[in-house]
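> Fold the stuff below for me.
(chains A and B)
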There are 2 protein chains.
Amino acid sequence: MSVDFGPLPSRLPEVEQAPRMPAGFRAGAVRAGIKESGRPDLGVLATTNGPASVAAVFTTNRLAAAPVRLSRQHLAANGGHAVAVISTSGCANAATGAAGARDQARLVEGAAATLGQPPEQVLAISTGLIGTRLPVERLRAPLEGLIAGGLANTDAGLAALAEQMCTTDTRRKAATVRLGGATVTGVSKGVGMIHPQMATMLALILTDAVADPAQLQAALDSAVGRTWNQLTVDGDTSTNDTVFLMASGSAGVAGGPALAPAVEAVARSLARQQAADGEGATTLITCQVSGATNDAAARAVARAVVASSLVKTAVHGRDPNWGRIAAAAGNARCDGVPVEVEEGRLSIGIASVPVFAGRPLDFDAAALAARMDAAELLIRVDLGLGDGVGEAFGCDLTERYVIENSAYST
Amino acid sequence: MSVDFGPLPSRLPEVEQAPRMPAGFRAGAVRAGIKESGRPDLGVLATTNGPASVAAVFTTNRLAAAPVRLSRQHLAANGGHAVAVISTSGCANAATGAAGARDQARLVEGAAATLGQPPEQVLAISTGLIGTRLPVERLRAPLEGLIAGGLANTDAGLAALAEQMCTTDTRRKAATVRLGGATVTGVSKGVGMIHPQMATMLALILTDAVADPAQLQAALDSAVGRTWNQLTVDGDTSTNDTVFLMASGSAGVAGGPALAPAVEAVARSLARQQAADGEGATTLITCQVSGATNDAAARAVARAVVASSLVKTAVHGRDPNWGRIAAAAGNARCDGVPVEVEEGRLSIGIASVPVFAGRPLDFDAAALAARMDAAELLIRVDLGLGDGVGEAFGCDLTERYVIENSAYST
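Coordinates of the predicted model:
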């Protein structure tokens, strides 16, 4: 058996982990009194020259939050365009019944009036505690002030929005790819209730390239399948997951075939930043799988490994307990069907050290434990059955995750 | 909306949480040096009067352990009968390649020779660390001694076997139902890597009623679907999961239609004992769901709730954060398809206190937190859509789970 236990080669462009505001957008955020911490909790992203093309992916949770339902309706009504996104944090506005839907509509209608646009041109995102109401009255004046004078077409404006989106995040997430004369940049939040299913946590990806909504949706669907849908922190899928991919066209250059890999590279970087900042996490776990019968099977195995509580706790303990990786791989299901895994053809590497190749291998456990004591860990699995490759992203499970989530209503 | 937030009525017979040895079996256990702790790690269950009828359910993990593969082969070869089960603990004998399979066969062949029976009449179960070898040479003499003089048709013999099966368990699991002139009794182990998929952790259910293998398999499949397949501790499915249901017939009375509910009552009690003793757990969580479009949908919702890391940590923190229960219910999938859940028809009760009924309800959070501080917690969900009912069993997620699973190779 000849397996390379190092990382798989990447076909994606280089990413800078910073927000770089594309032409045609402006953003900003303020403190409006939703978060008890007093941190910024109301943000606005707006275009500078009329509607942007928009693609979207939302949560599959059957109890979709009010901002998700409103954004779905507005995008359907206007054929995939928007002039603004209103972002609130500290309150999910989920499971709030008809009153919550009215709150969300009033917030968006107020923003639309200030912008001088029809409400259908305004979208919304929100995260935070489920079951609490948005303090809409309290938000009215800060929202008007923000739109009137607080938005800027600057990296700092986009960074302020990225900060505002955060809840239990310890740092903002941003990623940028340069695309000829255009830019693709993304910001995201979310470090708990993270187990996207055909959706993600909150993320905005912006470009000034020219692209219509259908082109954007194709690029976004492809990227989400390989990035956010391969991210798990705790196995719970949020009621509020939303990604918007928005193109202002202000750079005057077509996105073209390079747009999709640029979007995927940004999405992958954001997903990895989210995993690294997973609640209580100390280590970003990337599982890369090769040799599967197809790519979907490889992704399923990778996701099963990073989702395993026992793999996550072993990584936290810097314990090269590869048996848990093998067991997790053997449990993988793709669309409900068990993935083909054969013990005799299976290889496993931890931090590029071979530990299993059809049978247990001898390795220096103490040395490997020392290598595992890092901010990032690569787990490599080869199934020896075909050409399918895939990867998934997660984090270790720590006492602090339990403490954070048992001590507070979040 | 008129929903009863108390427990669902049961249609199952009463259970005694104790091992009661049926006629026709004998059992015992010894210390043989597999477990580093020095606790009993080699056990034998044997019949007293020739082969018993046997039904079995095994793990769906694609890396099934050597004892699972051997038992499957032997049951297929002899048409669902056995005279003995050899139980080892402290070593899973999983992912051990061809050498592990030979170890398992030698152990079972030695037992069969001592019993004067063909090897196909002997089954095997084992759990413990994945990837380590069984010390077969060291087990030979203790096994012969145990079979020759250490087995008894007594409750104490069965209790010794239940103790031997344990690994990270803090106590043995046993349950008994009296069935006219016969007895149905079960023992099980397993408090980590517990998320059975069409299978369970290790369990043996014994009866002296008369029943053929097909009758036993029907009763077992029905019971497993409603009990062990509704149990989760940590979302990981073991490589070694095995349940055997064995009938000696020694009581001379037919199991008849009362056998299946008796088996299910024993299985349900064992599954709940396993959940209550989940690694690091302080609270047994039972989620009962009514009003689903069918029973399978209700079971899926119940399982999604008890599997949610965020529900589990909220229960640990005695936090009546019902939004996490709602979000978990909204994520439920049945055979890969999202379960129908409508916010406006959904009701949730915690410890029999209504907290949501189409909209958030007012309740005394401090008083409910105090009620949640108990060894058992009932979460009631009504979907308001149909007559489907179901339940699932889990436990809280605690710092101690993380510490146990990060500090040791288990």
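> Can you show me the helices along chain A?
A:66-78, A:97-115, A:136-149, A:155-165, A:213-226, A:259-276, A:295-307, A:309-316, A:322-330, A:365-372, A:399-407 (DSSP state H).
> tell me what the fourth one is packed against?
Helices and strands touching helix A:155-165, by 3 or more CB pairs under 8 Å, 6 or more residues apart in numbering or on different chains; DSSP states H and E, are strand A:25-30, strand A:42-47, strand A:84-91, strand A:173-179, strand A:182-188. For the C-beta atoms, the positions are set from N, CA and C on the backbone; glycine is no exception.
> re the thing from before, can you put the helices of chain A in a markdown table and add mean neighbour count?
Shown next, in a markdown table, are the helices of chain A (neighbours: other CB atoms under 10 Å in any protein chain shown):
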| stretch | mean neighbour count |
| --- | --- |
| helix A:66-78 | 21 |
| helix A:97-115 | 19 |
| helix A:136-149 | 16 |
| helix A:155-165 | 23 |
| helix A:213-226 | 20 |
| helix A:259-276 | 25 |
| helix A:295-307 | 26 |
| helix A:309-316 | 27 |
| helix A:322-330 | 29 |
| helix A:365-372 | 14 |
| helix A:399-407 | 20 |
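> okay, those helices in a markdown table with mean pLDDT next?
Putting the helices of chain A into a markdown table (pLDDT from 0 to 100) gives the following:
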| stretch | mean pLDDT |
| --- | --- |
| helix A:66-78 | 95 |
| helix A:97-115 | 97 |
| helix A:136-149 | 97 |
| helix A:155-165 | 96 |
| helix A:213-226 | 86 |
| helix A:259-276 | 89 |
| helix A:295-307 | 93 |
| helix A:309-316 | 93 |
| helix A:322-330 | 92 |
| helix A:365-372 | 96 |
| helix A:399-407 | 87 |
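> who's in contact with A:G180?
A:253, A:258 (CB atoms under 8 Å, 6 or more residues apart in numbering or on different chains).
> tell me which parts of the stretch 251-400 of chain A are close to chain B?
Counting by CB under 8 Å from any CB of the partner chain, the positions of the stretch 251-400 of chain A adjacent to chain B are A:307-310, A:313-314, A:316-317, A:319, A:321-324, A:326-332, A:335-336, A:338-344, A:346, A:356, A:358-360, A:396-399.
> on that earlier part again, turn the helices and strands packed on helix A:155-165 into TSV, including mean pLDDT, distance to B:S238 and mean neighbour count.
Below are the helices and strands packed on helix A:155-165 laid out as TSV (pLDDT from 0 to 100; distance: least, CB to CB, whole Å; neighbours: other CB atoms under 10 Å in any protein chain shown):
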stretch	mean pLDDT	distance to B:S238	mean neighbour count
strand A:25-30	96	47	25
strand A:42-47	96	46	26
strand A:84-91	95	40	26
strand A:173-179	91	35	24
strand A:182-188	92	35	27
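> Tell me which of those strands lies nearest to chain B.
Among these, the nearest to chain B by CB to the nearest CB is strand A:84-91 (10.8 Å).
> Can you tell me the strand partners of the closest one and which way each runs?
strand A:42-47 (antiparallel), strand A:122-129 (parallel) (DSSP bridges).
> ok, and what's touching the first one?
In other words, strand A:42-47. Residues from elsewhere that reach strand A:42-47, judged by CB under 8 Å, 6+ apart: A:24-32, A:34, A:82-89, A:111, A:115, A:139, A:142-143, A:146-147, A:150-151, A:160-161, A:164-165, A:204, A:206, A:246, A:248.
> Now do the contacts for whichever residue of the stretch 101-250 of chain A sits closest to chain B.
For the stretch 101-250 of chain A, the residue closest to chain B is A:I130, as judged by CB to the nearest CB, at 2.7 Å. Residues near A:I130 by CB under 8 Å, 6+ apart: A:65, A:92, A:94-95, A:239, B:321, B:323-324, B:326-327.
> what's the farthest-apart pair in those?
Distance extremes for the contacts of A:I130: the farthest pair is A:A65 and B:N321 at 15.8 Å, using CB to CB.
> So between these two, which is more surrounded?
Per other CB atoms under 10 Å in any protein chain shown, whichever of A:A65 and B:N321 has more neighbours is A:A65, with 34 against 25.
> burial measure for A:D212, as a count.
Other residues lying near A:D212 total 15 when counted by other CB under 10 Å.
> Quick check: closest non-adjacent residue to it.
A:S53 (5.5 Å; CB to CB, 6 or more residues apart in numbering or on different chains).
> right, and that neighbour touches A:L220 too?
No - counting by CB atoms under 8 Å, A:L220 is not a contact partner of A:S53; they are 11.2 Å apart.
> and A:P9, how many neighbours?
With other CB under 10 Å as criterion, A:P9 counts 7.
> With the one 10 residues further on instead?
By other CB under 10 Å, the residues close to A:P19 number 26.
> try A:G249
A:G249 has 24 nearby residues by other CB under 10 Å.
> Let me know whether it touches A:D212 as I believe.
No - the pair A:G249 / A:D212 is not scored as a contact, 9.3 Å apart, by CB under 8 Å.
> right, is stretch A:95-110 up against chain B?
Yes - on the criterion CB under 8 Å from any CB, stretch A:95-110 is in touch with chain B at A:95-99.
> For A:G249, see how far away A:E120 is.
A:E120 sits 20 Å away from A:G249 when distances are taken as CB to CB, to the nearest Å.
> swap in A:A156?
Distance from A:A156 to A:G249, by CB to CB: 23 Å.
> same thing with A:R140?
Counting by CB to CB - A:R140 and A:G249 are separated by 32 Å.
> Tell me which residues touch A:D4, please.
A:D4 touches A:R380, counting by CB under 8 Å, 6+ apart.
> Tell me how far it lies from A:L378.
For A:D4 relative to A:L378 (CB to CB), the value is 12 Å.
> Of all the helices and strands packed on helix A:155-165, which one is nearest B:T183?
Among the helices and strands packed on helix A:155-165, strand A:84-91 comes nearest to B:T183, with 56.5 Å by CB to CB.
> Next, the angle helix A:97-115 makes with that closest one.
Interaxial angle, strand A:84-91 versus helix A:97-115 (axes from the mean of the first three to the mean of the last three CA atoms, to 10 degrees): 140 degrees.
> Export strand A:84-91 to CSV, keeping only CA atoms.
The C-alpha coordinates for strand A:84-91 follow below in CSV (Å, rounded to 0.1, in the frame of the first residue of the first chain):
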residue,chain,number,x,y,z
ALA,A,84,-29.2,46.0,1.5
VAL,A,85,-28.9,43.4,4.2
ILE,A,86,-29.9,44.3,7.8
SER,A,87,-27.9,42.3,10.3
THR,A,88,-28.9,41.9,14.0
SER,A,89,-27.0,39.8,16.6
GLY,A,90,-27.8,38.6,20.1
CYS,A,91,-31.3,37.6,19.1
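> Helix A:136-149 and that one, what's the angle between them?
Using the same axes, to 10 degrees: strand A:84-91 against helix A:136-149 is 140 degrees.
> Give me every residue in the stretch 1-150 of chain A lying close to chain B.
Checking the stretch 1-150 of chain A against chain B by CB under 8 Å from any CB, the hits are A:60-64, A:92, A:94-99, A:129-131.
> What is the nearest of the residues you listed to B:A258?
Taking CB to CB as the measure, B:A258 lies nearest A:R62 of these, at 39.1 Å.
> Identify the residues contacting A:D236.
A:192-195, B:308-310, B:324, B:327-328, B:331.
> Pick out the residue of the stretch 301-410 of chain A closest to chain B.
Among the residues of the stretch 301-410 of chain A, A:G323 lies closest to chain B, at 2.7 Å counting by CB to the nearest CB.
> Can you select the buried ones among the residues of the stretch 1-150 of chain A next to chain B for me in PyMOL?
Applying 16 or more other CB atoms under 10 Å in any protein chain shown to those, the buried members can be selected in PyMOL as follows:
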select buried, chain A and resi 60+61+62+63+64+92+94+95+96+97+129+130+131
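> Which members of the residues of the stretch 1-150 of chain A next to chain B are the farthest-apart pair?
Distances among the residues of the stretch 1-150 of chain A next to chain B were taken as CB to CB; the most separated pair is A:T60 and A:A99, at 24.3 Å.
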